[in-house]
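Student: what follows is a protein structure lacking sequence information:
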């Protein structure tokens, strides 16, 4: 019920290109849909997130598209830069006992070539 | 200050040792989390504290013992670990409350643990 499937597992993009990462979920109780970015040797950090009453959210070069009926959401990185090379996790969230529980996808390793 | 600090950065321990990991935040967050992350895998939730009380234990073996002595500190006590417990241990914190799912979790850099 809490399974989250993320694709692709790895992605290589040329500088200036568009990176697209997809996430599919099963649990309809999820009520917040964040993407976390993790650089080697660091903890994950929130990149961008969307609530289920919105279909798209854009912050700079990063856009989340959300399709509630399909139970899918995706991350688009426009004008990809070498500094975007990192691992990206979708991590839909559910509220639990005054805290938020993140269910992480398997991760996508993005490499942006100069 | 939006930083979560973790000490030590690296820890090597034998299977009979007792050690502790420490996590600290000064953002006024009342929810704190321990995660375990193996190489090339996503973080796995271990424990959650809400208002200094343990609220979630994801069926973690008793050789891991969490402690939240106050609202800024979170410890993870380790005893009789196995080599397969070697991993990056991440601490995170967030606001707590009714709309908790919307609250950003801030992660520390982690402690790299090696069990010999």
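Tutor: Ah, there it is. Predicted, not measured: the structure shown is a model, and the values here were computed from it.

Student: residue A:28 belongs to a strand?
Tutor: No. The assignment for residue A:28, made by DSSP: H, G, I helix; E, B strand; the rest coil, is coil rather than a strand.

Student: which residues touch it?
Tutor: Counting by C-beta atoms under 8 Å, 6 or more residues apart in numbering or on different chains, residue A:28 touches residue A:71. All C-beta atoms are positioned from the backbone trio N, CA, C, and that covers glycine.

Student: mind redoing it with 6 Å?
Tutor: Applying C-beta atoms under 6 Å, 6 or more residues apart in numbering or on different chains, one finds that residue A:28 lies in contact with no residue.

Student: and for the one 3 residues further on?
Tutor: Residues counted as contacts of residue A:31 (C-beta under 6 Å, 6+ apart) are residue B:101.

Student: if I look at it, how far off is residue B:98?
Tutor: Shown here: residue A:31 relative to residue B:98, a distance of 12 Å by C-beta to C-beta, to the nearest Å.

Student: so residue A:15 sits against residue A:85, correct?
Tutor: No. The criterion here is C-beta atoms under 6 Å, and residue A:15 misses it with residue A:85 at 10.3 Å.

Student: name the residues contacting each of those two.
Tutor: What both residue A:15 and residue A:85 touch, as defined by C-beta under 6 Å, 6+ apart, is the set residue A:112.

Student: more neighbours, the two?
Tutor: Using other C-beta atoms under 10 Å in any protein chain shown, the more surrounded residue of residue A:15 and residue A:85 is residue A:85, with 17 against 12.

Student: quick one: that one and residue A:109 touch, right?
Tutor: No. With contacts counted by C-beta under 6 Å, residue A:85 stays clear of residue A:109, the gap being 8.5 Å.

Student: could you report the neighbour count for residue A:51?
Tutor: The burial count for residue A:51: 12, using other C-beta under 10 Å.

Student: do residue A:93 as well
Tutor: The criterion is other C-beta under 10 Å. On that basis, residue A:93 has 23 neighbouring residues.

Student: that one bridge partners, please.
Tutor: residue A:32, residue A:102 (DSSP bridges).

Student: so what's residue 2 scoring on pLDDT?
Tutor: Looking at chain A here, since you left the chain open. According to the model's per-residue confidence, residue A:2 sits at a pLDDT of 62.

Student: chain B is the one I meant
Tutor: In the prediction, the pLDDT value recorded for residue B:2 is 70.

Student: sec struct for it, please.
Tutor: Quick answer, by three-state DSSP: residue B:2 is coil.

Student: what's the span of stretch B:93-107, first residue to last?
Tutor: From its first residue to its last, stretch B:93-107 covers 7 Å (C-alpha to C-alpha, to the nearest Å).

Student: that stretch and chain A in contact?
Tutor: Yes. Using C-beta under 6 Å from any C-beta of the partner chain, stretch B:93-107 reaches chain A at B:96-97, B:100-104, B:107.

Student: which residues touch that stretch?
Tutor: Taking contacts as C-beta under 6 Å, 6+ apart, the residues outside stretch B:93-107 that touch it are A:31-32, A:43-44, A:46, A:93-95, A:98-100, B:4, B:25, B:29-32, B:50, B:90, B:92.
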